[in-house]
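Asker: Here is my input, please return the structure:
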Amino acid sequence: IYAANLLLDSHNLKKDFKALNAQVEVFLRLYSEERDPEFYALLIKLKQQATFKRCSGLEGDKKRIEAARCFLKYANDFPDSEYADKSLYNAAFNYQKERLIEKSIQALLKLVNTASESDLVPKALFQIGKNLQDLAIFSKASEAYEYYAKQFPKEKNAKEALQNAADSGADTPLPIPMIR
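Answerer: Residues are numbered from 1 along each chain as shown. Predicted coordinates for the structure are as follows:
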């Protein structure tokens, strides 16, 4: 186990998360949960962390669509991970940056529906409203903003959400004021 830990640490220090994941897979085949529950738990945690860091690396390299897909796969592969909610939020963020608003909304909705206790839910709900507004789906944007303000009245954006809900209440854009 000591040598295995050293090998894993060496991959981690080199930030070679692909190699780290590959080595973890090898060790997972050798060390079942029954054989060594403590080491097995460490391997699972390392796999989750290395995969998340790999996705973050894609994001850092501005490979946003690839990063978004990576984060979505992460959330599907590790739904109970401490990073599952953040991976969904990051997927939405990356889709947003690439102007794939519908995909961003889907990732945010998944976050809201699967991680309702997450600290990221208020941000996700507000962003859903903004995304719907950007898509000119004003009645749904209004509903999203109202829901946000009702669920999170103490959040800093609650008043803004209510204003946006009022402004987005119809499926037609608000008229642009005439310049006098």
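Asker: Contacts for stretch 26-46 next, please.
Answerer: By Cβ atoms under 8 Å, 6 or more residues apart in numbering, the surrounding residues in contact with stretch 26-46 are I1, A4, L8, N12, L20, V24, K47. All C-beta spots, glycine's among them, are computed from the backbone N, C-alpha and C.
Asker: Out of these, flag the one nearest to L135.
Answerer: Nearest to L135 among those is K47, at 36.6 Å by Cβ to Cβ.
Asker: Which helix or strand contains that closest one?
Answerer: helix 37-60 (DSSP states H and E).
Asker: hang on, the earlier thing: export the contacts of stretch 26-46 to JSON lines and tack on secondary structure?
Answerer: Shown next, in JSON lines, are the contacts of stretch 26-46 (DSSP: H, G, I helix; E, B strand; the rest coil):
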{"residue": "I1", "secondary structure": "coil"}
{"residue": "A4", "secondary structure": "helix"}
{"residue": "L8", "secondary structure": "helix"}
{"residue": "N12", "secondary structure": "helix"}
{"residue": "L20", "secondary structure": "helix"}
{"residue": "V24", "secondary structure": "helix"}
{"residue": "K47", "secondary structure": "helix"}
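Asker: Scan those and report the most crowded one.
Answerer: L20 (25 neighbours; other Cβ atoms under 10 Å).
Asker: Look up how far A68 lies from the residue nearest to that one when sequence neighbours are not counted.
Answerer: Counting by Cβ to Cβ, 6 or more residues apart in numbering, L20 lies nearest to H11, which is 3.8 Å off, once chain neighbours are set aside. Taking Cβ to Cβ, to the nearest Å as the measure, H11 falls 25 Å from A68.
Asker: Using PDB, list the CA coordinates for the lowest-mean-pLDDT helix or strand in the chain.
Answerer: Lowest on mean pLDDT, DSSP states H and E among the helices and strands of the chain sits helix 158-167, with a mean of 79. The C-alpha trace of helix 158-167 is given here as PDB (Å, rounded to 0.1, in the frame of the first residue of the first chain):
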ATOM      1  CA  ALA A 158     -33.700  38.800  -4.700                       C
ATOM      2  CA  LYS A 159     -34.800  42.400  -5.400                       C
ATOM      3  CA  GLU A 160     -33.200  42.300  -8.800                       C
ATOM      4  CA  ALA A 161     -35.000  39.000  -9.500                       C
ATOM      5  CA  LEU A 162     -38.300  40.600  -8.600                       C
ATOM      6  CA  GLN A 163     -37.600  43.600 -10.900                       C
ATOM      7  CA  ASN A 164     -36.500  41.200 -13.700                       C
ATOM      8  CA  ALA A 165     -39.700  39.200 -13.200                       C
ATOM      9  CA  ALA A 166     -41.800  42.300 -13.500                       C
ATOM     10  CA  ASP A 167     -39.800  43.400 -16.600                       C
END
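Asker: Sweet, I'm off.
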